[in-house]
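Asker: Give the three-dimensional model of this entry:
(one chain, ligands or ions: 1)
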Amino acid sequence: MRFDTLAVHAGGPSFTIDGAHPTATPLVPASSYWYDSADELDRVLGDQQPGYSYARYASPTVVAFEEAVAALEEAPAAVAFASGMAAIHAALRHFAPDGHSTVFASQDCYGGTHTLLGSTLSTEGLQVQFVDVFDLEALERRLRSERPRALLVEVVSNPLEKVADLLAITALCNSNDVALIVDSTFTTPYLVKPLSLGATCVIHSATKYLGGHGDVTGGVVACASSEQAAALRNWRKYTGSVLGVLEAYLCLRGIRTLPLRVARQCSNALSLAQALEADGRIERVHYPGLPSSTYYSVAERLFPEGLYGAVLAFAIRDADKRGVMHFLESLKLVRAAPTLGDCFSLVLYPVIASHRGLTPEERAALGIHDNVVRFSAGLEHPDDLIADFEQALG
Ligand SMILES: Cc1ncc(COP(=O)(O)O)c(C=O)c1O
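Answerer: I've put the predicted structure just below:
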């Protein structure tokens, strides 16, 4: 089946209620399950027979969401977590289980991931190196010489929208026996399916496009093998980082409209990027869908035709922090909030949000200057978005 059909049907209800088939997957909140036969419960608890026993181990609505993600990512299995961060933590611990392993991560990765790796996991002994995944020659040299257990990469960087050459990076990791963990939160399986390119696992903050409506926190790992999924489930079972049932229901419901939403959001992002690029008050627009972007050709190769993602960043000419704060307050339709991927458009100011933990010098080294703002496209009419930016810039 094609992606759009899978989005609507995968993870559909697999059981009946009093003989009737529900058309939508039910939300099953039970925290435990009993069986007519105590022997059967014994077998389920002993993993000798498949079945539900305790919701922290598995429950039907969470499994339905996992099945849908696995179908969309063309993965043998997926494992759902309480947040994107919980999913990232589990994957890192899986591929670098002992405290002395070396792990590489993209220096442009999400701030929370940067802190998890640089502080929490480093304190526990993990050897973390932040690398430039856009310099493929240097990356290859370091992979060869340092032989990390894993490399964590985001397909599109935040907030400057650099597109990683996933085909080349996958080849480098595979030839050096390095597990490639891909955070595909910004791209969704609608834009790219990293497992089909040879990645070892794919992570989503389901809080973003999979949920899509700004009302859920969740994460998921799509795994390249069922053994990997079993190990992650075991980790989740004992760290208690399972996705809640209501959240699984909302994420699954979000998936039903994922292709429609992402297509429209990408098209809105392109419209706004073009309008901003033509506006003299804007110094620079970072969006891989603009032919002026350094990452245009990588995006053309990696993503389906005409889709370049739904997030962009722009620098307001001559604006200092005060000026940017005033711009944020002047927007009437688009709100400033620290997330992305929702059905409504949002802006984020990295200086006070995602990158506030960095010094101005560290931010400048990454190209995130005080006048840079990130935009996440929603489903509004593009003309209304452009008009809101026009009046706020004025
Ligand atoms: C690329 C990326 N990965 C992971 C996360 C963490 O996800 P969550 O907030 O669901 O824990 C975020 C959050 O913004 C993100 O942008």
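
Asker: Walking through the chain, point out its strands one by one.
Answerer: Secondary structure of the chain (DSSP state E): strands located at 77-81, 102-106, 127-131, 150-154, 179-183, 201-205, 219-223, 282-286, 311-316, 335-336, 346-348, 372-376.

Asker: so which of the ones you listed comes closest to the ligand?
Answerer: strand 201-205 (3.0 Å; CB to the nearest ligand atom). No exception for glycine: its C-beta is placed from N, CA and C like everyone else's.

Asker: Just the C-alphas of the closest one, formatted as PDB.
Answerer: Extracted C-alpha coordinates of strand 201-205, given in PDB (Å, rounded to 0.1, in the frame of the first residue of the first chain):
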ATOM      1  CA  CYS A 201      17.200   3.200  13.800                       C
ATOM      2  CA  VAL A 202      15.000   6.200  13.400                       C
ATOM      3  CA  ILE A 203      13.700   8.500  16.200                       C
ATOM      4  CA  HIS A 204      10.800  10.900  16.300                       C
ATOM      5  CA  SER A 205       9.700  13.300  18.800                       C
END
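
Asker: elements contacting it?
Answerer: Applying 3 or more CB pairs under 8 Å, 6 or more residues apart in numbering; DSSP states H and E, one finds that strand 201-205 makes contact with helix 84-95, strand 179-183, helix 194-197, strand 219-223.

Asker: so of those, which one's packed in deepest?
Answerer: strand 219-223 (a mean of 29; mean count of other CB atoms under 10 Å).

Asker: chain center to it, what's the gap?
Answerer: On the basis of CA atoms, centre = their mean, to the nearest Å, strand 219-223 sits 10 Å off its chain's mean C-alpha point.

Asker: Next, the angle helix 84-95 makes with it.
Answerer: 30 degrees (axes from the mean of the first three to the mean of the last three CA atoms, to 10 degrees).

Asker: could the helices and strands packed on strand 201-205 go into CSV alongside distance to the ligand and mean pLDDT?
Answerer: Formatted as CSV, the helices and strands packed on strand 201-205 follow (distance: least, CB to the nearest ligand atom, whole Å; pLDDT from 0 to 100):
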stretch, distance to the ligand, mean pLDDT
helix 84-95, 2, 97
strand 179-183, 5, 98
helix 194-197, 13, 98
strand 219-223, 5, 99
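
Asker: can you list the residues of the stretch 151-300 of the chain near the ligand?
Answerer: Applying CB under 6 Å from any ligand atom, one finds that the stretch 151-300 of the chain approaches the ligand through 154, 158, 183, 185-186, 205, 207, 217, 219.

Asker: want to try CSV for those residues, with distance to Ala77 as columns?
Answerer: Output for those, formatted as CSV (distance: CB to CB, whole Å):
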residue, distance to Ala77
Glu154, 22
Asn158, 27
Asp183, 18
Thr185, 19
Phe186, 23
Ser205, 19
Thr207, 21
Thr217, 22
Gly219, 15
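
Asker: Go through these and name the one nearest Val324.
Answerer: Asn158 (17.2 Å; CB to CB).

Asker: can you count the residues close to the residue nearest to that closest one when sequence neighbours are not counted?
Answerer: Excluding the flanking residues, the one nearest Asn158 by CB to CB, 6 or more residues apart in numbering is Tyr110, at 5.7 Å. A count of nearby residues for Tyr110, using other CB atoms under 10 Å, gives 23.

Asker: ditto for the one 10 residues further on
Answerer: The tally of other residues near Thr120 (other CB under 10 Å) stands at 11.

Asker: Next, work out how far apart it and the ligand are.
Answerer: 14 Å (CB to the nearest ligand atom, to the nearest Å).

Asker: shouldn't Ala30 be in contact with Ala58?
Answerer: No: contact criterion CB atoms under 8 Å: Ala30 and Ala58 do not qualify, at 11.6 Å.

Asker: between the two, which one's more packed in?
Answerer: Ala58 (20 against 12).

Asker: What distance do you get for the nearest residue to the more buried one once chain neighbours are set aside to Ser59?
Answerer: Ranked by CB to CB, 6+ apart and with sequence neighbours excluded, the top spatial neighbour of Ala58 is Tyr52, at 5.9 Å. As judged by CB to CB, to the nearest Å, Tyr52 and Ser59 stand 6 Å apart.
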